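Enquirer: Next comes the sequence, and after it the predicted model I'd like to discuss.
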Amino acid sequence: MIISVSRRTDIPAYYTPWFINRLTAGEVFVRNPYRPHQVSRISLSEDTVDGFVFWSKNPAPLLPHLSKLIKYPFYIQYTLTPYGKDIEPHLPDKWTTALHNFKVFSAQLSSKQLVWRYDPILLSGRYTPAFHLNAFEKLCASLSGKTDLCILSFLDAYPSIQPALKKHGIQTVPRSMQMELLSNFSAISNQYGISLAACAEDTELPVTKSSCIDHHRLATISGKTYVVPKAKGQRPNCGCCESIDIGSYRTCPGNCIYCYANQGKVPSPHSAHNPDSPLLFGSLTEADTLTNRDMPLFQTNQISMF
């Protein structure tokens, strides 16, 4: 089974000690986000994990632990946008720290193991289309040769985050402008040898649909063949394959203005996190039901030719 770390919260940035402890223990417990008293025990052993897909805006805490991950196929989706503290208040400076860290990772990993995310694209008085085009080209120039793919998406104004968007003067990108931006982004990225793909966007847009959880990428990294079904329960235009996410909603201290995973609410108290617990937050109670999660292995012994 492929393990997603995580769509729901930034585990590499804020919870790496917990994740490494879980890796050592060989298992993790995850609450069902819709039925919280249902808890799954998920194996993290080498014979059940097909690979890890990390999602992070600041994966630097993983750097000292890369040697522990070598026995697993994995790649990191590194979100690097040009927004400032007005939009992403608790992230490192993009043009110094974040960009530097991306380059440090690239010195230790292959370009297949680093996927750059320019996500989400939003508009405001400060963040205009011209701003995005200028920033995107600067980032492409800096990341050329260090990644082979940039995944982008446009802001979705979920009802839970609309008050915050309105307060900060943030707008979604009109359809006609999406088409123009993607055309220009594609021309720019091609100049720097970086492919472009869109995450869960309209298939009529002039760009490839991404598979953020991508068994083909894991196959290239591992040299093995994967047979993986398409993910269930995702948005209609999502190209991801099946995986298990081990994060929890409303637990990211990043507090980015546009974040749907915090659902427009204050994250759970950080003190509820115990790095030694099998759960990311809290502990098991008498009301909880713990069940072993089925972990089908998607790898085959056949060597991949691609």
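Expert: All right, it came through fine.

Enquirer: Give me the sheet partners of the lengthiest strand in the chain and which way each runs.
Expert: If you go by DSSP state E, the chain has its longest strand at strand 114-121. Take DSSP bridges as the rule and strand 114-121 pairs in its sheet with strand 74-79 (parallel), strand 149-154 (parallel).

Enquirer: Average pLDDT for that strand, rounded please.
Expert: Averaging pLDDT along strand 114-121 yields 97.

Enquirer: same check, this time on stretch 281-294
Expert: Across stretch 281-294, pLDDT averages out at 94.

Enquirer: List the buried residues in that stretch.
Expert: Going by neighbour count (16 or more other C-beta atoms under 10 Å), the buried part of stretch 281-294 is Phe281, Gly282, Arg293. C-beta: built from backbone N, CA, C; applies to glycine.

Enquirer: Skipping adjacent residues, who's closest to Asp245 in space?
Expert: Distances taken as C-beta to C-beta, 6 or more residues apart in numbering place Ser4 nearest to Asp245, at 4.2 Å, with adjacent residues excluded.

Enquirer: neighbouring contacts of the helix or strand in which that neighbour is found?
Expert: Here Ser4, judged by DSSP states H and E, is contained in strand 2-5. Applying C-beta atoms under 8 Å, 6 or more residues apart in numbering, the contact partners of strand 2-5 are 11-12, 19, 42, 44, 49-55, 213, 215, 218, 228, 241-247, 298.

Enquirer: For stretch 77-94, buried residues please.
Expert: So stretch 77-94, judged by 16+ other C-beta under 10 Å, has buried residues Gln77, Tyr78, Thr79, Leu80, Thr81, Pro82, Tyr83, Ile87, Glu88, Leu91, Lys94.

Enquirer: Now tabulate these in JSON lines and tack on distance to Pro64.
Expert: As requested, those are arranged in JSON lines below (distance: C-beta to C-beta, whole Å):
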{"residue": "Gln77", "distance to Pro64": "20"}
{"residue": "Tyr78", "distance to Pro64": "17"}
{"residue": "Thr79", "distance to Pro64": "21"}
{"residue": "Leu80", "distance to Pro64": "21"}
{"residue": "Thr81", "distance to Pro64": "25"}
{"residue": "Pro82", "distance to Pro64": "28"}
{"residue": "Tyr83", "distance to Pro64": "27"}
{"residue": "Ile87", "distance to Pro64": "29"}
{"residue": "Glu88", "distance to Pro64": "24"}
{"residue": "Leu91", "distance to Pro64": "20"}
{"residue": "Lys94", "distance to Pro64": "22"}
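
Enquirer: biggest separation within the residues you listed, which pair?
Expert: Using C-beta to C-beta, the pair of the buried residues of stretch 77-94 lying farthest apart is Gln77 and Ile87, separated by 18.9 Å.

Enquirer: On the three-state scheme, the residue most central in space within the chain is what?
Expert: Centroid-nearest residue in the chain, with C-alpha atoms, centre = their mean: Trp55, separated by 2.6 Å. Look at Trp55: counting by DSSP: H, G, I helix; E, B strand; the rest coil, its state is strand.

Enquirer: hang on, it packs against Thr79?
Expert: Yes. Using C-beta atoms under 8 Å, Trp55 makes contact with Thr79 at a distance of 7.5 Å.

Enquirer: any residues in contact with both of these two?
Expert: Joint contacts of Trp55 and Thr79 (C-beta under 8 Å, 6+ apart) are Arg117.

Enquirer: Narrow the contacts of strand 2-5 to those in helices?
Expert: Judged by DSSP state H, helices contain the following of the contacts of strand 2-5: Ile11, Pro12, Phe19, His215, Leu218.

Enquirer: between those residues, which is closest to Lys138?
Expert: Distances from Lys138 to the ones in helices among the contacts of strand 2-5, taken by C-beta to C-beta, are shortest for Pro12, at 24.3 Å.

Enquirer: In the stretch 101-250 of the chain, what residue spans correspond to strands?
Expert: 114-121, 149-154, 195-198, 208-209, 224-226, 244-245 (DSSP state E, counting those that start in this stretch).

Enquirer: what's in contact with the longest one?
Expert: This points to strand 114-121. 55, 75-81, 102, 105-106, 132, 136, 139, 143, 146-147, 149-156, 173, 181, 194, 199, 212, 217, 258.

Enquirer: which residues of the stretch 51-200 of the chain fall in helices?
Expert: Secondary structure of the stretch 51-200 of the chain by DSSP state H, counting those that start in this stretch: the helices cover 66-69, 99-108, 129-143, 162-167, 175-191.

Enquirer: My error: substitute the stretch 201-306 of the chain in the last question.
Expert: 215-222.

Enquirer: hang on, Thr172 packs against Leu123?
Expert: Yes. Between Thr172 and Leu123 there is a contact under C-beta under 8 Å: 7.2 Å.

Enquirer: before we move on, back to that, of all the ones in helices among the contacts of strand 2-5, which comes closest to Lys232?
Expert: Using C-beta to C-beta, the ones in helices among the contacts of strand 2-5 come closest to Lys232 at His215, 15.0 Å.
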